[in-house]
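# pasted the sequence and its predicted model underneath.
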Amino acid sequence: MNYNPFILNGKTILVTGASSGIGKSTAIECSKLGAKLIITGRNEQRLKETFELLVGNDHALLLADISEATGIDLLSDNLPQLNGVVHCAGVSKRLPLKFIKEESVSELHKINFIAPLMLTQKLYKKKLLLPESSLVYISSVASSYASIGSIMYMSSKGALNSFVKGLAFEVSTMKIRANAIQPGMILTELSPILSDDDKLKDSELYPLGRYGKPEEVAWAAIYLLSDASKWVTGSILTIDGGLTLR
């Protein structure tokens, strides 16, 4: 019996921020389940490395900086109609309140909140989102889990979560779904540089005793992209090893 509600055969999926970390892993894992991938990012070399790891054929690579309107236009002008989008592009920056400057806030919100909003608007207006498509946004438990220096990042991800809920309501008439995933600390090549001792101490904050892996977030994205979640929209899925239980 080959029944699998998580299969992605026949689905065309756009993954932003696919050159590294969660975006890279999401693209690879989706390709293993039969999806046709369109991957995008700003770093051409790393994006090509991701592309080479995709399973199957008919995938596409589009270099674009979606934090700029010109990048969104370039990307949308070269896209087919989509069954799903996973928005992984984002940045993190920590600054205590007394060191925050307006330009730092604007830049972080531009990438983490405004870019996914404006890209989604462009895809919607150009009718590139097929009925019953699924939109997935990578947020963070930092949206509601405070720490010193987290104000800018926390607020940008909080805004993203609110956007997802409003979006889910607006696009429901087309049976389009929108959800977010908020992970805890994920071990990627772009994770903050910590000593082994610091990593061990920090990971002890997690009831499950470790940081997450990129593929564990990717598998959650696959659930939200697949037919297994056809009655799920407006949800913020927390994947944090139990961190926010404390």
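Arrived safely, thanks for sending. Everything numeric here is computed off the predicted structure, so don't read it as measured data.

# quick one, strands of the chain?
Secondary structure of the chain by DSSP state E: the strands cover 12-16, 36-41, 60-63, 82-87, 129-138, 177-183, 236-239.

# turn these into a markdown table, including mean neighbour count and mean pLDDT.
C-beta here means a position set from N, CA and C on the backbone, and glycine is covered the same way. As requested, these are arranged in a markdown table below (neighbours: other Cβ atoms under 10 Å; pLDDT from 0 to 100):
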| stretch | mean neighbour count | mean pLDDT |
| --- | --- | --- |
| strand 12-16 | 27 | 99 |
| strand 36-41 | 26 | 98 |
| strand 60-63 | 18 | 98 |
| strand 82-87 | 24 | 99 |
| strand 129-138 | 22 | 98 |
| strand 177-183 | 25 | 98 |
| strand 236-239 | 19 | 97 |
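
# a markdown table for these, including distance to Tyr3?
What follows is those, written out as a markdown table (distance: least, Cβ to Cβ, whole Å):
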| stretch | distance to Tyr3 |
| --- | --- |
| strand 12-16 | 21 |
| strand 36-41 | 22 |
| strand 60-63 | 30 |
| strand 82-87 | 20 |
| strand 129-138 | 20 |
| strand 177-183 | 22 |
| strand 236-239 | 24 |
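
# apart from its chain neighbours, what residue comes closest to Arg177?
If you skip the residues right next to it in sequence, Arg177 has Thr233 as its closest partner in space, 4.0 Å away by Cβ to Cβ, 6 or more residues apart in numbering.

# could you do Ile151 as well?
Residue nearest to Ile151 in three dimensions, not counting chain neighbours: Leu97, with 6.1 Å by Cβ to Cβ, 6+ apart.

# longest helix in this protein, by number of residues?
Ranked by number of residues, the top helix in the chain under DSSP state H is helix 151-171.

# which residues touch that helix?
Contacts with helix 151-171, where a contact means Cβ atoms under 8 Å, 6 or more residues apart in numbering, come from 92-95, 97, 100, 104-105, 108-109, 111-113, 116-117, 120, 124, 129, 135, 137, 139-140, 142-146, 177-180, 182, 233-234, 236.

# quick check: mean pLDDT of that helix?
Confidence over helix 151-171 (mean pLDDT, whole number) is 94.

# give me the angle between it and strand 82-87.
160 degrees (axes from the mean of the first three to the mean of the last three Cα atoms, to 10 degrees).

# angle of helix 151-171 against strand 129-138?
Computed by the same axes, to 10 degrees, the angle between helix 151-171 and strand 129-138 is 160 degrees.

# just the CA trace of helix 151-171, in CSV.
This file holds the C-alpha atoms of helix 151-171, laid out as CSV (Å, rounded to 0.1, in the frame of the first residue of the first chain):
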residue,chain,number,x,y,z
ILE,A,151,13.4,43.7,20.6
MET,A,152,13.9,44.2,16.8
TYR,A,153,13.9,40.6,15.8
MET,A,154,11.0,39.7,18.2
SER,A,155,8.8,42.5,16.8
SER,A,156,9.5,41.6,13.2
LYS,A,157,8.5,38.0,13.7
GLY,A,158,5.5,39.1,15.8
ALA,A,159,4.4,41.2,12.8
LEU,A,160,4.9,38.3,10.5
ASN,A,161,2.6,36.1,12.7
SER,A,162,-0.1,38.7,12.7
PHE,A,163,0.2,39.1,8.9
VAL,A,164,-0.2,35.3,8.5
LYS,A,165,-3.5,35.3,10.5
GLY,A,166,-4.9,38.2,8.5
LEU,A,167,-3.8,36.8,5.3
ALA,A,168,-5.3,33.4,6.0
PHE,A,169,-8.7,35.1,6.5
GLU,A,170,-8.5,37.2,3.3
VAL,A,171,-7.4,34.4,0.9
